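Engineer: What would the 3D arrangement of this be:
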Amino acid sequence: MRLAIRWIGVSALTVFWAGSGVAQSPTVTDKALVAKYCASCHGAKTKMGGVVLEGVDPERAGDNAALWERVLRKVRSGQMPPPALPRPDAKTSAAFVSRLEHSLDSAALAKPDPGATMPHRLNRVEYSNAVRDLLALDIQAGLALPVDESGNGFDNMADLLSMSPALLERYMSTARKLSRLAIGDTAADPVEETFEGSRLQSTPEDMPFHSRGGFALRHYFPVDAEFVLRVNLRGNDEGKGPSHEVRQPVKAGLHTVVATFLKESARPEVAMPLTRRGFGTPPSAGPPALLDLRLDGARVKLFEAPQRGQGPAISSVTIAGPYKITGRGDTPSRRKIFVCRPANTQEEGPCASRILSSLTRQAFRRPSTESDVRSLLRFYQQKRNRGGDFEQGIQEALEALLVSPDFLFRVERMPKGVAAGSAYRVSSLDLASRLSFFLWSSIPDDELLRLAEADKLKEPAVFKAQFQRMLADPKSSALMQNFGGQWLFLRTLENVKPDADIFAKFDDSLRQSFRRETELFLARIFREDRSVLELLDADYSYLNERLAEHYGVRNIYGSQFRRVSLADANRGGLMGQGSVLTVTSYPNRTSVVQRGKWVLENLLGAPPPPPPPDVPDLKPKGKDGRQLTMREAMELHRTNAICSSCHSRMDPIGFALENFDGIGTWRSEDHGTTIDASGKLPDGALVNGPAGLKKLLRTAYRDEFVETVTEKLLTYALGRGLEASDKPTVRSIVQKAAGQDYRMSAFLAAIVESTPFQMRRAPE
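Structural biologist: Residues are numbered from 1 along each chain as shown. Reported below is the predicted structural model:
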């Protein structure tokens, strides 16, 4: 047995017997401590902050868990008692915190409260992935649906995922389109679809090595037919430029279309490489550039595009068709759906039943029933009665399946005999869905579903093996993208628009590079099971030539991303990445407040309250007309006493990042004045520059950081906001992860083995 001591902030120590779970015996009763230091503000009459501690026994904290969890957080962080009022010494505070934690955790262990789970509609991402895994149709189907409402930082919160008549109409139209794509519609009329802006994904991995500028997109071609591929170029001054097109026979299925400008031409008359002319150079005719159009890596056509000014750029891409349809094709979707083929009309009914039984089992995440198949067979038969062929009948039934409540909603069924308000373990089938939607944002695969049907997931060894298998599967990238993308505000990056006059170097290519860097960085933490502390101050990142130039890192060439060691301690970790720095800035300048708030909310779990109404804007200039630096403007703003209390927490953190401009470029001056990146937090901690901030978070605020990571992951895993009854689980997960150097797998394993993940509270 050893005594472990950890600092929480500056003013409070937590002292506990590591490994024993036994808190120190009090030398002064906790009742007396509360009466001496808390009662004057939190008595029955004063009720400061709506908190009343008079007459409530801290030694029976489990009886009022929500109240004492609030007290615990405030005392542990040093916020209470307020610094201006009498306070117990650090040792006494630490012992009180330890005993309070022990009391709350013991009560939770004796009487588990896993929380209640509401019916959960699949959100856009989950719907897309479910369609992909059910029908082998990887087309981001959910993009046709409205954006889901977010709560607690995430868009998979069950209480917000409701269904309205208008939304149901969207689901029905989407199901109609998906069923026709999956089966193949030989009567389809030609349509045009244009891709521009964020729909053109500049994915370096898809680009030919000797290319410069261009796009890559994945498009599903519904039938075997001819399609027109049209690349539209941007003209001078953002005007409409020429377009180049080709009519191409394409097999049905998902294909990658890539259009790039080659760096060099094999033709003597256009042998010079593409160059980017400096700003201000008058447009002038130049040698034609080569526009290379490819389908799945094979060249379709090489066009000569006139080069003017800064050179050609692609504004949009149009895909039109189908023309001259030759058949439905042999696609992964059709192979997955048609598990049998009737040889005659007598075999059609049994084959249709077999197909629909297979689909409903996976779509509904449970064994298929006769009722499931019978209801869908009615849609199949109606189409056949109207003259449709066998495959059109299956298409009609599939359309109905895709709007079935059993597919669109995750509804957990309570076993018979469970008393109201009591806790019970969820079924293996429901646990399988919880696990797959957490790790994959999708439905269970066949292996997981078979084990759930056999009720094997209740066996710890089987459950652990499935967790490890699923975490190693490429589909677990959904956890990094959806959890990480929302936690770190990466999704917001698509919508930011830095001022082109102030940040002339910013373009969509840099935006995509910012996002890719952070995605690859997160992927390393998850995939290679690194410590989550590396998120704060890793000495490496993922860069390509464009991003390396932006960061001032030398000797990195080409569009491909690779892991790069960073010599500059200011640049490593999340807070040195362009994605985070850009989404926490305004279009025309940095934001000390937004950056400080981002750190407090997303890394330390201590978000400031919303600003009061009628907060005055920052004054850009002083009384003498001189342009104020960000620090000068903020200091003037903080003279307002109402603003000062919150800004004292946010501003020192934001100022520490001021050397990064609004798109993450390093700078040493702001409007001609040397940047002062130092500050002092309310608890007395000093911070100076990005490197100093990272060091402070890694040491003095490590515990707040790992607890925040845990709370964010658990919230995402459960699909609901955390309650006071979940706090003991959070502390248990942190303790387990601490014993494994805070490796990512330790957090995830502890979450899926936790009480709220494996159990449920019956409705009252």
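Engineer: Only C-alpha atoms from now on, for both contacts and neighbour counts.
Structural biologist: Noted.
Engineer: The longest strand along the chain - contacts with which helices or strands?
Structural biologist: If you go by DSSP state E, the chain has its longest strand at strand 314-327. Packed against strand 314-327 by the contact rule (3 or more Cα pairs under 8 Å, 6 or more residues apart in numbering; DSSP states H and E) you find strand 191-196, strand 224-234.
Engineer: one more time with 10 Å, if that's ok
Structural biologist: strand 191-196, strand 211-221, strand 224-234, strand 240-250, strand 253-262 (3 or more Cα pairs under 10 Å, 6 or more residues apart in numbering; DSSP states H and E).
Engineer: Next, count neighbours for F407.
Structural biologist: 20 (other Cα atoms under 10 Å).
Engineer: A500 too?
Structural biologist: A500 has 12 neighbours, counted by other Cα under 10 Å.
Engineer: Can you tell me the element the residue nearest to it when sequence neighbours are not counted falls in?
Structural biologist: Nearest in space to A500, with sequence neighbours left out and distances taken as Cα to Cα, 6 or more residues apart in numbering, is F506 at 7.2 Å. Of the helices and strands defined by DSSP states H and E, none includes F506.
Engineer: can you pull the contacts of F506?
Structural biologist: Contacts for F506 (Cα atoms under 10 Å, 6 or more residues apart in numbering) come out as 497-500, 550, 663.
Engineer: same question, L401
Structural biologist: Contacts here follow Cα under 10 Å, 6+ apart; on that basis L401 touches 175, 179, 356, 359-360, 363-364, 372-373, 375-376, 379, 395, 407-408.
Engineer: Select only the buried ones of those residues in PyMOL?
Structural biologist: Selecting only the buried entries of the contacts of L401 in PyMOL, with 16 or more other Cα atoms under 10 Å as the criterion:
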select buried, resi 175+179+356+359+360+363+364+372+373+376+379+395+407+408
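Engineer: Out of the contacts of L401, which is nearest to I337?
Structural biologist: Nearest to I337, judged by Cα to Cα, of the contacts of L401 is L359 at 7.4 Å.
Engineer: Next, the contact list for that closest one, please.
Structural biologist: Going by Cα under 10 Å, 6+ apart, L359 touches 134-135, 336-339, 353, 365, 368, 373, 398, 401.
Engineer: what's the distance between it and S477?
Structural biologist: Separation of L359 from S477 (Cα to Cα, to the nearest Å): 25 Å.
Engineer: swap in E723?
Structural biologist: Distance from E723 to S477, counting by Cα to Cα: 28 Å.
Engineer: higher neighbour count, the two?
Structural biologist: Set E723 next to S477 and count neighbours by other Cα under 10 Å: S477 wins out with 20 against 14.
Engineer: list the buried ones in stretch 297-305?
Structural biologist: Across stretch 297-305, burial judged by 16+ other Cα under 10 Å covers 300, 302-303, 305.
Engineer: That one - what's its average pLDDT?
Structural biologist: Here stretch 297-305 scores 87 as its mean pLDDT.
Engineer: Pull the residues that contact that stretch.
Structural biologist: Contacts of stretch 297-305 with the rest of the structure, by Cα under 10 Å, 6+ apart, involve 206-208, 229, 233, 242-248, 255-262, 270, 287-295, 311-313.
Engineer: quick revisit: pick out whichever of the buried residues of stretch 297-305 sits closest to A216.
Structural biologist: Nearest to A216 among those, counting by Cα to Cα, is V300 at 14.1 Å.
Engineer: secondary structure class for the closest one?
Structural biologist: strand (DSSP: H, G, I helix; E, B strand; the rest coil).
Engineer: Quick check: mean pLDDT of stretch 452-459?
Structural biologist: Here the average pLDDT along stretch 452-459 is 96.
Engineer: Tell me how far that stretch lies from the chain's centre.
Structural biologist: Counting by Cα atoms, centre = their mean, to the nearest Å, stretch 452-459 is centred 30 Å from the centre of its parent chain.
Engineer: Now do the buried residues in it.
Structural biologist: Residues of stretch 452-459 classed as buried: 452-453, 456-458 (neighbour count, 16+ other Cα under 10 Å).
Engineer: Residues touching the helix or strand containing S375, excluding its own?
Structural biologist: In this assignment (DSSP H and E), S375 forms part of helix 370-385. With contact meaning Cα under 10 Å, 6+ apart, helix 370-385 is reached by 349, 352-361, 364, 387-401, 404, 406.
Engineer: Quick check: next helix or strand after it?
Structural biologist: Note on helix 370-385: by DSSP H and E, the next helix or strand toward the C-terminus is helix 390-401.
Engineer: Identify each buried residue in that following helix, please.
Structural biologist: By neighbour count with 16+ other Cα under 10 Å, helix 390-401 contains the buried residues 390-401.
Engineer: CA atoms only for the helix or strand following that helix, dumped as PDB, please.
Structural biologist: As assigned by DSSP H and E, the chain's next helix or strand after helix 390-401 is helix 405-408. The C-alpha coordinates for helix 405-408 follow below in PDB (Å, rounded to 0.1, in the frame of the first residue of the first chain):
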ATOM      1  CA  PRO A 405     -39.100   2.100 -37.200                       C
ATOM      2  CA  ASP A 406     -37.100  -1.100 -36.400                       C
ATOM      3  CA  PHE A 407     -34.400   0.100 -38.700                       C
ATOM      4  CA  LEU A 408     -34.500   3.800 -37.900                       C
END
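Engineer: Outline the domain layout of this protein.
Structural biologist: Domain segmentation of the chain under automatic domain parsing yields 2-110, 121-150+159-183+334-408, 191-327, 412-472+723-764, 480-700.
Engineer: average model confidence for the first one?
Structural biologist: Mean per-residue pLDDT for domain 2-110: 72.
Engineer: Comparing the helices and strands packed on strand 314-327 by mean pLDDT, which bottoms out?
Structural biologist: With a mean of 81, strand 211-221 has the lowest mean pLDDT of these.
Engineer: from the chain's centre, how far out does that strand sit?
Structural biologist: Computed by Cα atoms, centre = their mean, the chain-centroid distance of strand 211-221 equals 24 Å.
Engineer: So which other helices or strands are in contact with it?
Structural biologist: helix 165-183, strand 253-262, strand 285-295, strand 314-327, helix 508-527.
Engineer: These: lowest mean pLDDT?
Structural biologist: Between those, the one with the least mean pLDDT is strand 285-295; it has a mean of 78.
Engineer: about what we covered before: next, the buried residues of the helix or strand following the longest strand of the chain.
Structural biologist: Going down the chain from strand 314-327, the next helix or strand is helix 332-337, by DSSP H and E. Using 16+ other Cα under 10 Å as the test for burial, helix 332-337 gives 333-334, 336-337.
Engineer: which among those residues gets closest to F489?
Structural biologist: Nearest to F489, judged by Cα to Cα, of those is S333 at 33.8 Å.
Engineer: and the closest one, what does it touch?
Structural biologist: The neighbours of S333, taking Cα under 10 Å, 6+ apart as the test, are 132-138, 179, 181-184, 253.
Engineer: can we see that at 6 Å?
Structural biologist: Going by Cα atoms under 6 Å, 6 or more residues apart in numbering, S333 touches 135-136, 182.
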